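In: Sequence and predicted structure are below.
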Amino acid sequence: MDDNTLVAAVLPQDLDQPPTKPQVPPGPKIQDNSSGKKSQNRTWTDLLKDEHDGDMFEYYGTAELVMVDVRDQDSEGTIIAPPRMYTEMDGSPDGQFMLVSWLTRPFSLAVPAGRFPVTVQVWDRRGSLVHHIASLPLAEDIPIAFNSCRTGPRAVSWRDDKPAELSWIEAQDGGDPEVSVSPRDVVYTLDAAAAAAASSNGSSQVAPQVLATTDLRCGGVSWCDGDLALLYESWWKTRRSIVYTFAPGKPQQEKQVLFDRSYEDVYSDPGSPLSRRTSNGSYILAKIDGQRQLLMVGQGASPEGNRPFLDLLNLDTKETRRLWQSSPPYLEGVGSIMSDNNDDAPITLDGLKLLLSRESAHEPPQTYMVSFNGPEAENVTEQKLTNFPHPYPQLKDMQKEVLRYKRTDGVDLTGTLYLPPGYNAQHDGPLPTILWAYPREYKSKEAAGQMRRSPHQFSGIGSLSPTLWLARGYAVLDGPTFPIVAEGDEEPNDTYVEQLTASAEAAVKELVAKGVTDPARVSVGGHSYGAFMAANLLAHCPQLFAAAIARSGAYNRTLTPFGFQSEERTLWQAPETYSKMSPFMMADRFSKPLLLIHGEEDNNTGTFPLQSERFFQALKGHGAPARLVLLPHEGHGYRARESVLHTLYEQDQWLEKYAGHGRTDPDYITNDNADEQGSSTSE
């Protein structure tokens, strides 16, 4: 709440023992839709399964709110609210009010907790009700289309530029993007102090005020002061994004368009405004020299690669002046403003201080303090703040190159090629090569072909990164683009297979032409939707790949019938597309080895472990070479040390056996050597 006061959610004082599960089910599980109400949902996981689950969820989710003065070490705090399933407690910037929300029954077996009924209220700091904002009902019927949302107040939060004023958004289309209405969203505000005065006087609740409206889906507001704020709206189907300037304190003034563009077009991205800290601890837009000008930071995407920038934007003329830009051979990026520690004094160009990150292809990121001096910020000095060592010096000299090549339909493709330290193509010859990728959808070929990476970026290696195989003598094409393009009213997935295979053919052709890849030892892999991609490629173009690795994927799209990834249509609207995209339906055509890895507790939407289990059974039933590894207690990503190490081992042995150097572990058991070494099933 303030520098000395915390509000904590603690276990209720009179907490009983957890509910006991009945030894015998009390009756059948019943879900009813006798009313014929339309309610479509994607394949959620980890849902409540019965009434006992609901009781347990309520028991472990219930807390009471206690206010604690941290200066009193002996105090146990003061209870300010009874036991409830609280989901949020956010103090106002001035510390005098609280925004509080909590879940209520009835729960649902069809949707996750984020759609359960929720109550939202404003309290004073003693826990007394000031204003009831909403009691949102169970939301089982939110449309599956993108830009759908819950009805009623959403994104309820405190304004960063006011001591205690709330803002929220309400859809006017019932949360359904298929409904044509203007405005589509309305932004409301409510002054908590005024609401408290009305409450104490016994008056009726203060009505919220309309602050702004949008015809696309509102994405929120960035606050500055009564004369300036930025309003955001966008639309998925067209990839259109609009940013407005408006004066919150002058509702009679019309909002003005600042940017109106396709958010897929990274080359035209003007960047995002920097914010500054206030004396209340909130963050608002950083006006420069008290004028209507902002600092904009962006990635600076270009055909030559990303070159992040810092611009000074005049909001009235929309003209920009470049103050700084990253220069080769480094990739640099601007971070937070550090000259905002003088309470609410204006941020000035002369004396502006920023954090800066700098890295290169062979040097890890380091942090600097950069100072701009002079009325035009013409003098720039810097101070190095960190000196991190190289995290994996044995791969410090790995070779990196950003490739650009074309697909047969003319779409530009990119990928980052890594080669082992000291490798020489003429001397060492072609290498076994791993392609690790993730497909994405676009509305235009131009946007799909834009460069979104930098040759100067330091190559971070995660615990399961494919670049680890550089140490094993492999070439790695990491993140080759697999764009699925649908222009106009076209649907991208109607030509998913064709565009996917064309991208793969172009990548392999480029690698072989460079002389670094042995075409007989090319493997493909991916995680989640990348696993779906890898299985499809092995099914539809087995001539390109010797083996594939698919981790935590979904392979039968009839099991995700109400949409997946960027697909908005249902199975019944596009049955041919769902079937054609499903490698499960191609199980009888697999001839190359496929390694399936999945966490047994995968809770990602659509990627049930059942997907891998049934796919493996289908492959095995048709005599396809395959292996299924289920990792105990793991979710969509793998976290336990044992799971990570075993995943690396499985992938390494699979690659070595089918698409590598042949250095297999004698103890690596598959059913083609099980007669000599025992069963192919392990615990």
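Out: All right, it came through fine. If you're wondering where the values come from, they're calculated on a predicted model, not measured in any experiment.

In: can you list the weak-confidence ranges in the protein?
Out: For the chain, the stretches with pLDDT under 70 are 673-683.

In: Spell out the secondary structure type for Gly300.
Out: Under DSSP: H, G, I helix; E, B strand; the rest coil, Gly300 falls in the coil class.

In: typed the wrong thing, it's Asp53
Out: Quick answer, by three-state DSSP: Asp53 is helix.

In: number of nearby residues for it?
Out: Residues lying near Asp53 (other Cβ atoms under 10 Å) number 15. Where C-beta positions appear, they are placed from N, C-alpha and C, glycine not excepted.

In: Equivalent analysis for Tyr418, please.
Out: Counted with other Cβ under 10 Å, residues neighbouring Tyr418 total 24.

In: That one is in contact with Val402, isn't it?
Out: No - between Tyr418 and Val402 there is no contact under Cβ atoms under 8 Å: 10.6 Å.

In: contacting residues for the residue lying closest to Ser135 once chain neighbours are set aside?
Out: Excluding the flanking residues, the one nearest Ser135 by Cβ to Cβ, 6 or more residues apart in numbering is Thr119, at 5.1 Å. Listed by Cβ atoms under 8 Å, 6 or more residues apart in numbering, the contact set of Thr119 reads 101-102, 104, 132, 134-136.

In: of those, buried ones?
Out: 101-102, 104, 134, 136 (16 or more other Cβ atoms under 10 Å).

In: Format these as TSV; extra columns: distance to Gln573 and secondary structure.
Out: As requested, the buried ones among the contacts of Thr119 are exported to TSV (distance: Cβ to Cβ, whole Å; DSSP: H, G, I helix; E, B strand; the rest coil):
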residue	distance to Gln573	secondary structure
Ser101	36	strand
Trp102	38	strand
Thr104	35	coil
Ala134	33	strand
Leu136	29	strand
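
In: Can I get those in CSV including distance to Ala113?
Out: Listed next are these as CSV, based on distance: Cβ to Cβ, whole Å:
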residue, distance to Ala113
Ser101, 12
Trp102, 12
Thr104, 11
Ala134, 17
Leu136, 13
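
In: of all the residues you listed, which comes closest to Gly281?
Out: Taking Cβ to Cβ as the measure, Gly281 lies nearest Ser101 of the buried ones among the contacts of Thr119, at 21.1 Å.

In: I figured that closest one was touching Val120, is that so?
Out: Yes - with contact defined as Cβ under 8 Å, Ser101 counts as touching Val120 (4.6 Å).

In: what is in contact with those two at once?
Out: Contacts common to Ser101 and Val120, judged by Cβ under 8 Å, 6+ apart, are Val156.

In: picking up where we left off before, strands paired with the helix or strand encompassing the residue nearest to Ser135, and their directions?
Out: According to DSSP states H and E, Thr119 maps onto strand 118-124. Next to strand 118-124 in the sheet, as set by DSSP bridges, lie strand 97-103 (antiparallel), strand 129-136 (antiparallel).

In: and the contacts of Thr119 as JSON lines, adding distance to Leu619?
Out: Listed next are those as JSON lines, based on distance: Cβ to Cβ, whole Å:
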{"residue": "Ser101", "distance to Leu619": "47"}
{"residue": "Trp102", "distance to Leu619": "48"}
{"residue": "Thr104", "distance to Leu619": "46"}
{"residue": "His132", "distance to Leu619": "56"}
{"residue": "Ala134", "distance to Leu619": "50"}
{"residue": "Ser135", "distance to Leu619": "50"}
{"residue": "Leu136", "distance to Leu619": "45"}
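
In: which one among the residues you listed gets closest to Ser180?
Out: The shortest approach to Ser180 among the contacts of Thr119 belongs to Leu136, at 24.5 Å (Cβ to Cβ).

In: if I look at that closest one, how far off is Trp158?
Out: 19 Å (Cβ to Cβ, to the nearest Å).

In: Return the distance of the helix or strand containing Leu310 from the chain's centre.
Out: Using DSSP H and E, Leu310 maps to strand 309-314. Taking Cα atoms, centre = their mean, to the nearest Å, one finds the center of strand 309-314 at 27 Å from the center of the full chain.

In: Kindly report the same for stretch 393-410.
Out: From the chain centre to the centre of stretch 393-410 is a distance of 25 Å (Cα atoms, centre = their mean).

In: Which residue ranges of the chain form helices?
Out: Taking DSSP state H as the test, the helices found in the chain are 51-61, 192-200, 425-428, 445-448, 496-513, 529-540, 575-581, 609-621, 641-659, 674-677.

In: buried stuff in the third one?
Out: What it means is helix 425-428. Burial within helix 425-428, assessed by neighbour count using 16+ other Cβ under 10 Å, is assigned to no residue.

In: Could you do the fifth one as well?
Out: Along helix 496-513, the positions that meet the burial threshold by neighbour count (16+ other Cβ under 10 Å) are 496-497, 499-508, 510-511.

In: what do you get for the first one?
Out: Neighbour-count burial for helix 51-61, with 16+ other Cβ under 10 Å as criterion, is recorded at 51, 54-55, 57-58.

In: Return the distance of it from the chain's centre.
Out: Computed by Cα atoms, centre = their mean, the chain-centroid distance of helix 51-61 equals 29 Å.

In: what do you get for the second one?
Out: In terms of Cα atoms, centre = their mean, the centre of helix 192-200 is found 39 Å from the chain centre.

In: Need the contact partners of that helix.
Out: With Cβ under 8 Å, 6+ apart as the test, helix 192-200 has contacts from 92, 96-97, 122, 124, 129-131, 163-166, 204-206.

In: Determine which two of those residues are furthest apart.
Out: Top of the distance list for the contacts of helix 192-200 (Cβ to Cβ): Pro163 and Ser204, 23.4 Å.

In: more neighbours, these two?
Out: Counted by other Cβ under 10 Å, Pro163 and Ser204 do not tie: Pro163 has more neighbours, with 17 against 8.

In: can you tell me which residues contact that one?
Out: 92-94, 96, 193, 280.

In: What is the nearest of the residues you listed to Asp69?
Out: When these are ranked by distance to Asp69 (Cβ to Cβ), Gln96 comes first, at 15.8 Å.

In: ok, the closest one - contacts?
Out: By Cβ under 8 Å, 6+ apart, the residues touching Gln96 are 124-125, 163-164, 192-193.

In: Export those as TSV, with columns for distance to Ala531.
Out: Formatted as TSV, these follow (distance: Cβ to Cβ, whole Å):
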residue	distance to Ala531
Asp124	52
Arg125	50
Pro163	50
Ala164	48
Ala192	48
Ala193	53
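
In: Now, of those, which are buried?
Out: Those of these that meet the buried threshold are 124-125, 163-164, 192-193, by 16+ other Cβ under 10 Å.

In: Show me what the lengthiest strand in the chain is packed up against.
Out: Using DSSP state E to define each element, the chain has its longest strand at strand 78-91. Helices and strands touching strand 78-91, by 3 or more Cβ pairs under 8 Å, 6 or more residues apart in numbering; DSSP states H and E, are strand 5-10, strand 63-69, strand 97-103, strand 118-124.
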